[in-house]
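Q: have a look; sequence and predicted model below, questions after that.
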Amino acid sequence: MPLADELRAWIGRADSRLDGLAAAPGLERIGRVLRVGDGVATVGGLPETRLDELLVFETGSFGLAIDLGEEEIGCILLGEADGIAAGTAVRGTGEVARTPVGHGLLGRVVDAVGTPLDGGPAPAAEASLPVERPAPAIVDRALVQRPLATGLLVIDAMIPLGRGQRELIVGDRGTGKTAVAVDTIINQRDTEVICIYAAIGQKSSSVNNVIDAVRRFGAFERCLFVIGGPDTAPGLQWLTPYAACSMGEYFAEQGKDVLLVIDDLTKHAAVYRQLSLLLRRPPGREAYPGDIFYIHSRLLERAAKLSPEKGGGSLTALPIAETQSGNISAYVPTNLISITDGQIYLDPRLFYEDQKPAVNVGLSVSRVGGKTQAPVLKGLAESLRLDYQQFLELEVFTRFGTMVDERTRKTIDHGRRIRAILAQPQFTPLSLGEQVALVVAVKDGILDGLPLDRVEPFRAGLAAWLSAHCPEAMRLGEADHTLSEALHRRLVEALTGLAGSLAERDG
Ligand SMILES: Nc1ncnc2c1ncn2[C@@H]1O[C@H](COP(=O)(O)OP(=O)(O)O)[C@@H](O)[C@H]1O
Ligand SMILES: [Mg+2]
């Protein structure tokens, strides 16, 4: 027998002997709780514990070892601290934390370890996966190829996203961050994309609003909600995005496209800071522990477009970060900006001016999705963005009451109509056809003859009007390359008709 085989056989025998040893009663590693409080416990007497190992307390609840000292181990509690006190026995499990995964979770609301929160029975799991998993290797990835349409014109036209991308949604409290994510989920009702909404430390009322909106407007049976509310154990809140990611990876590894919204990572960072400070780990910048960048990058690195050999699925991540008074250069938001493939910046000033979604086009960028944008929209949108930026600069200038000539006034009037088509109420995603039609309407000057306050009814009536007067436009898809001259002509005709009918109703 060649030496290598012999060795392997020997190792195999040794392994099976070790298995027997581990199972033998009386040889379990037992430690004791030294201190406990606020979601963490310090344990002594378990020197072999590994990082991220699951510990079980004699009360039956679990803890996760996140800090290994020479004498003691810092662990976060994954449940209530009831019954855990100094002296409580603790056992190492040799396992990492796992979460149930599978189709049975779709249409459900659960926590990070799969406990149902919707009053239903425990979801039927097809398997369980570790919550922490290595990110797909470079060779197992493919380029982001297909668009992930949000249904929001301002994003799909100017900051397009691709399947497998990581795009940060960043902005102050109450600027519509969650709303952008929810609209994106709702827009997947006409696709095959599986949507996962992970909430960390979000108020129950906000979470309920999200679930309710998806139930009313989205494909609820293809969505999954993983909730770590502010009143759940901080350890479970901390675990929430990792568990949600594993639940998504299960589908992505079967070749499906998955969208993962993480609402939000600033709360997640705060929970981690709290746990770390309680475990007396040395604080760094803004009192966050030194590995705060690493814990977020190893999470977001798991978003990927998989290669054809790996089934070609994708996991798109839309993490959310909350800023304080627009400070995107605070520690956690800048970290996240540098980890992701771009950011959508929601501007409080725009929000208060009632420009919603309040996307600041100048400060937002998508570094990957541009290549995936539906070609028929791409051609139209390029100059739109330029015209819009130009108008914004001009508008600032004219705010000082400067006298403007006729041409400048026209440019400004036109720009206001661009801005008007970029506004959009919640829960009203636009199809590609509607988006193309709106851009054509503004670029061909059809909206210039319409009072500004008629742009909203124009958009609202668009789908029905086009279905009746230019149904080919409504059938435009990702694969269509250009608007043929004939279609363009018919579209302009139909749009002019719609504008005319709205103007008449006024008169
Ligand atoms: N496009 C929109 N049109 C109208 N209202 C909106 C729009 N986007 C957000 N809102 C409203 O603004 C409020 C704040 O939005 P939310 O998404 O909860 O903000 P954030 O997540 O940034 O704190 C909500 O009441 C929401 O309904
Ligand atoms: Mg929110």
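A: Here it is on my side, so go on. Residues are numbered from 1 along each chain as shown. Ligands and ions are numbered 1, 2, ... in the order given.

Q: so which residues of the stretch 301-450 of the chain form helices?
A: Along the stretch 301-450 of the chain, counting by DSSP state H, counting those that start in this stretch, helices occupy 331-339, 348-352, 375-398, 406-422, 432-443.

Q: tell me which of those helices lies nearest to ligand 1.
A: Counting by Cβ to the nearest ligand atom, ligand 1 lies closest to helix 348-352 out of these; the figure is 7.2 Å. Every C-beta, even on glycine, is put in place using the N, C-alpha and C of the backbone.

Q: just checking, what packs against the closest one?
A: If you count contacts as 3 or more Cβ pairs under 8 Å, 6 or more residues apart in numbering; DSSP states H and E, helix 348-352 packs onto no helix or strand.

Q: circling back: single out the most deeply packed of the helices of the stretch 301-450 of the chain.
A: helix 432-443 (a mean of 24; mean count of other Cβ atoms under 10 Å).

Q: residues of the helix or strand following it that come out buried?
A: The helix or strand immediately downstream of helix 432-443 is helix 455-469, counting by DSSP states H and E. For helix 455-469, a neighbour-count test (16 or more other Cβ atoms under 10 Å) marks 455, 458-459, 462-463, 465-466 as buried.

Q: for ligand 1, tell me which of those show up nearby.
A: Residues of the buried residues of helix 455-469 in contact with ligand 1 (Cβ under 6 Å from any ligand atom): none.

Q: just put those residues in a markdown table and tack on pLDDT.
A: Listed next are the buried residues of helix 455-469 as a markdown table, based on pLDDT from 0 to 100:
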| residue | pLDDT |
| --- | --- |
| V455 | 94 |
| F458 | 96 |
| R459 | 96 |
| L462 | 96 |
| A463 | 95 |
| W465 | 96 |
| L466 | 95 |
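
Q: picking up where we left off before, export the helices of the stretch 301-450 of the chain to JSON lines and tack on mean pLDDT and distance to I186?
A: Formatted as JSON lines, those follow (pLDDT from 0 to 100; distance: least, Cβ to Cβ, whole Å):
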{"stretch": "helix 331-339", "mean pLDDT": "96", "distance to I186": "24"}
{"stretch": "helix 348-352", "mean pLDDT": "96", "distance to I186": "20"}
{"stretch": "helix 375-398", "mean pLDDT": "90", "distance to I186": "19"}
{"stretch": "helix 406-422", "mean pLDDT": "93", "distance to I186": "18"}
{"stretch": "helix 432-443", "mean pLDDT": "96", "distance to I186": "15"}
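
Q: mind putting those helices into a markdown table with distance to ligand 1?
A: Shown next, in a markdown table, are the helices of the stretch 301-450 of the chain (distance: least, Cβ to the nearest ligand atom, whole Å):
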| stretch | distance to ligand 1 |
| --- | --- |
| helix 331-339 | 13 |
| helix 348-352 | 7 |
| helix 375-398 | 18 |
| helix 406-422 | 11 |
| helix 432-443 | 15 |
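
Q: quick check: which of those is nearest to G174?
A: For G174, the closest of the helices of the stretch 301-450 of the chain is helix 348-352, at 7.5 Å, according to Cβ to Cβ.

Q: one step back: list just the nearest of the buried residues of helix 455-469 to S484.
A: Out of the buried residues of helix 455-469, the member with the shortest distance to S484 (by Cβ to Cβ) is L466, at 16.0 Å.

Q: that older thread, which of the helices of the stretch 301-450 of the chain sits closest to N209?
A: Once the helices of the stretch 301-450 of the chain are compared by Cβ to Cβ, helix 348-352 is nearest, at 17.4 Å.

Q: what does that closest one contact?
A: Contact with helix 348-352 is made by 171-172, 174-176, 326, 356, 358-360, as judged by Cβ atoms under 8 Å, 6 or more residues apart in numbering.

Q: now do 10 Å
A: Contacts of helix 348-352 with the rest of the structure, by Cβ atoms under 10 Å, 6 or more residues apart in numbering, involve 171-176, 323, 325-326, 355-361, 419, 422-423.

Q: tell me the secondary structure at the residue in the stretch 1-150 of the chain positioned nearest to ligand 1.
A: Nearest residue of the stretch 1-150 of the chain to ligand 1: T150, at 11.8 Å (Cβ to the nearest ligand atom). Recorded secondary structure, T150: coil (DSSP: H, G, I helix; E, B strand; the rest coil).

Q: next, the nearest residue to it once chain neighbours are set aside: phi, psi?
A: Of all residues not flanking T150 in the chain, T184 sits nearest, at 4.3 Å (Cβ to Cβ, 6 or more residues apart in numbering). Per-residue torsions, T184: phi -60, psi -40 (degrees, to the nearest 10).

Q: in this structure T184 contacts I169, no?
A: Yes: at 9.2 Å, T184 counts as touching I169 under the criterion of Cβ atoms under 10 Å.

Q: any common contacting residues for these two?
A: 155, 261, 318.

Q: which one is the second one nearest to, not counting chain neighbours?
A: Right, V261. A181 (4.4 Å).

Q: report the contact partners of that neighbour.
A: For A181, the contact set (Cβ under 10 Å, 6+ apart) comprises 150, 169, 195, 197, 210, 259, 261-264, 318-320, 344.

Q: surely it is within a helix?
A: Yes: assessed by three-state DSSP, A181 belongs to a helix.

Q: residue contacts, the residue nearest to Q343 when sequence neighbours are not counted?
A: In this structure, Q343 finds its nearest non-sequential neighbour in L168, 4.1 Å apart by Cβ to Cβ, 6+ apart. By Cβ under 10 Å, 6+ apart, L168 lies in contact with 177, 262, 264-265, 300, 317-321, 328, 333, 336-345, 364.

Q: out of those residues, list just those in strands.
A: 262, 317-321, 342-345 (DSSP state E).

Q: any chance of those residues in a markdown table, plus pLDDT, distance to ligand 1 and neighbour count?
A: Formatted as a markdown table, these follow (pLDDT from 0 to 100; distance: Cβ to the nearest ligand atom, whole Å; neighbours: other Cβ atoms under 10 Å):
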| residue | pLDDT | distance to ligand 1 | neighbour count |
| --- | --- | --- | --- |
| I262 | 98 | 12 | 29 |
| A317 | 98 | 17 | 29 |
| L318 | 98 | 12 | 27 |
| P319 | 98 | 13 | 28 |
| I320 | 98 | 7 | 27 |
| A321 | 98 | 10 | 28 |
| G342 | 97 | 18 | 19 |
| Q343 | 97 | 14 | 24 |
| I344 | 98 | 11 | 29 |
| Y345 | 97 | 12 | 25 |
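
Q: so K267 makes contact with S206?
A: No: K267 is beyond contact range of S206, at 11.5 Å (criterion: Cβ under 10 Å).

Q: more neighbours, the two?
A: K267 (22 against 12; other Cβ atoms under 10 Å).

Q: which residue, neighbours along the chain excluded, lies closest to that one?
A: Nearest in space to K267, with sequence neighbours left out and distances taken as Cβ to Cβ, 6+ apart, is G201 at 3.8 Å.

Q: number of residues surrounding that neighbour?
A: Counted with other Cβ under 10 Å, G201 comes out at 20.

Q: before we move on, back to that, adding distance to L54, write the helices of the stretch 301-450 of the chain out as CSV.
A: Shown next, in CSV, are the helices of the stretch 301-450 of the chain (distance: least, Cβ to Cβ, whole Å):
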stretch, distance to L54
helix 331-339, 27
helix 348-352, 42
helix 375-398, 48
helix 406-422, 48
helix 432-443, 46
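
Q: out of the ones you listed, the one nearest V56 is which?
A: Across the helices of the stretch 301-450 of the chain, closest to V56 is helix 331-339 (Cβ to Cβ), at 32.3 Å.

Q: ok, F251 - contacts?
A: Going by Cβ under 10 Å, 6+ apart, F251 touches 101-103, 105-106, 193-194, 196, 222, 224, 257-258, 313-315.

Q: before we move on, the earlier item: now list whatever residues contact both of K267 and S206.
A: The contact sets of K267 and S206 overlap at A199 (Cβ under 10 Å, 6+ apart).
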